[in-house]
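Asker: Fold the following.
(one chain, ligands or ions: 1)
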Amino acid sequence: MILPDGYSDIPAGKIAAVVTHLEMTARPSRRDDPPGAWTLRKVDAPALDWYRDLHRRVGEEWLWFSRLRMTDAELVSVIHVPGVEVYALVADGRDEGLLELDFRQAGQCELVYFGVTARLIGRGAARFLMNRALELAWSRDLRRVWLHTCTFDHPSAVAFYQRSGFRPFRRQIEVADDPRLDGTVSRTTARHVPIIE
Ligand SMILES: CC(C)(COP(=O)(O)OP(=O)(O)OC[C@H]1O[C@@H](n2cnc3c(N)ncnc32)[C@H](O)[C@@H]1OP(=O)(O)O)[C@@H](O)C(=O)NCCC(=O)NCCS
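Answerer: Residues are numbered from 1 along each chain as shown. Next comes the predicted model:
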């Protein structure tokens, strides 16, 4: 369905974002690693508590709710499967960034989750993480790397991804139940998306 031009009402209790899909079809030129003592750690078969905690610390402020709504069995079925790889960015001995890659579609890699915790935003850690993500992706026999981001995410995300070599190619509207109203995420989070109930 194509939304009509003009304003479309979203019911109270729901949230709505504009989603931008971006892709690259060749290995981009490399950007320098900013100075910083970060490392990347691959986490095989992540413990669910560990994954949910990191996911929440990186994404709650940006209303990342889908994974937090999943039951244990649902979460296992998306992160403990061949072709899906989870990595943590380690800073000062702590896991402070999340990278999730999905290689399940032949010839493609989706950056399913990408982000760092609040204290690392704007410090160069995300560039370090993206450099590692692109090395991991393009070390395979791929023809496409893609991701999507939305207007709930950090406002620098779209420009950051474009500087990284991604090209926007698709726009969508996502509507969902507000995850702050059912306890999925804290009610006091994401003030850039005010609650309407
Ligand atoms: C959106 C997000 C990825 C953007 O990253 P960021 O924190 O602004 O990125 P960084 O600070 O690592 O890098 C930004 C630029 O500043 C530069 N920079 C930052 N600190 C630097 C330093 N100390 N010295 C030199 N350069 C530095 C980086 O090199 C980079 O430059 P480039 O893009 O030209 O290569 C990040 O804010 C984030 O993870 N947000 C939370 C989760 C989120 O919204 N994720 C996106 C969901 S799809």
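Asker: Would you confirm that Met130 belongs to a helix?
Answerer: Yes - secondary structure of Met130 (DSSP: H, G, I helix; E, B strand; the rest coil): part of a helix.
Asker: Check it and give its pLDDT.
Answerer: If you check Met130, the pLDDT there is 98.
Asker: Not counting sequence-adjacent ones, nearest residue to it?
Answerer: The spatial neighbour of Met130 that comes closest, neighbours along the chain excluded (C-beta to C-beta, 6 or more residues apart in numbering), is Ser164 at 5.2 Å. Yep, even glycine has a C-beta here, placed from its N, CA and C like the rest.
Asker: and the gap between the one you found and the ligand?
Answerer: 7 Å (C-beta to the nearest ligand atom, to the nearest Å).
Asker: Contacts only, for that residue.
Answerer: Neighbouring residues of Ser164 by C-beta atoms under 8 Å, 6 or more residues apart in numbering: Pro28, Arg31, Met130, Leu134.
Asker: can you tell me which residues contact the closest residue to Arg170 other than its chain neighbours?
Answerer: Counting by C-beta to C-beta, 6+ apart, Arg170 lies nearest to His21, which is 3.9 Å off, once chain neighbours are set aside. Neighbouring residues of His21 by C-beta under 8 Å, 6+ apart: Trp146, Leu147, His148, Pro168, Phe169, Arg170, Arg171, Gln172.
Asker: Looks to me like His21 is in a strand.
Answerer: Yes - counting by three-state DSSP, His21 is found in a strand.
Asker: Distance of the residue of the chain found nearest the ligand relative to Arg127?
Answerer: Residue nearest to the ligand within the chain: Gly115 (2.8 Å; C-beta to the nearest ligand atom). Remark: distance between Gly115 and Arg127 (C-beta to C-beta, to the nearest Å) = 13 Å.
Asker: more neighbours, the two?
Answerer: Gly115 (28 against 19; other C-beta atoms under 10 Å).
Asker: For that one, give me the pLDDT.
Answerer: For Gly115, the predicted pLDDT is 98.
Asker: Okay, and the beta partners of it?
Answerer: As for beta bridges, Gly115 partners with Leu98 under DSSP bridges.
Asker: need the contact list for it.
Answerer: The contact partners of Gly115, taken as C-beta under 8 Å, 6+ apart, are Val58, Gly59, Trp62, Gly97, Leu98, Ala126, Asp153, His154.
Asker: Much appreciated, bye for now.
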